[in-house]
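> Any chance you can model this:
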Amino acid sequence: QVQLVESGGGLVQAGGSLRLSCAASGSVFSINNMGWYRQAPGKQRDLVATITAGGDTEYADSVKGRFTISRDSAKNTVYLLMNSLTPEDTAVYYCTVDGSYVSRSRFVSWGQGTQVTVSS
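Residues are numbered from 1 along each chain as shown. A predicted model of the protein is given here:
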């Protein structure tokens, strides 16, 4: 199994910044894509940003220019630096990882979620 441990969420004022981290551990052989999604109350879970093993990134239009996704492949960790936060960014943020186990079978895992609250 793969465990994802997220950290870095919290309460911040509008205009502030937060950095989320998500570390994968377990019987991991390789990790391909890593990403972040978010879910606000009463809304569906939406893509925020993804990063491939090669470093290619994709962002939701609503966060382009404000959020930066990065990864440390040696540590199996993905980060999300969030700048210029607005109350509309308030949500539970989930990391997701896909890859293969040591046994070479594939997996997709989700973190438990971390709350980000932006006050106006």
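> C-alpha from now on. contacts and neighbour counts both.
Will do.
> From residue 48, how far out is the residue nearest the centre of the chain?
Among the residues of the chain, residue 36 comes closest to the average C-alpha position under CA atoms, centre = their mean, at 2.9 Å. As judged by CA to CA, to the nearest Å, residue 36 and residue 48 stand 5 Å apart.
> ok, and the closest non-adjacent residue to the residue nearest to the centre of the chain?
Closest residue in space to residue 36, ignoring its immediate chain neighbours: residue 95 at 4.4 Å, by CA to CA, 6 or more residues apart in numbering.
> my guess is that neighbour is in a strand, correct?
Yes. Counting by DSSP: H, G, I helix; E, B strand; the rest coil, residue 95 is found in a strand.
> Provide a list of residues in contact with it.
Listed by CA atoms under 8 Å, 6 or more residues apart in numbering, the contact set of residue 95 reads 4, 6, 22, 34, 35, 36, 37, 110, 111, 113.
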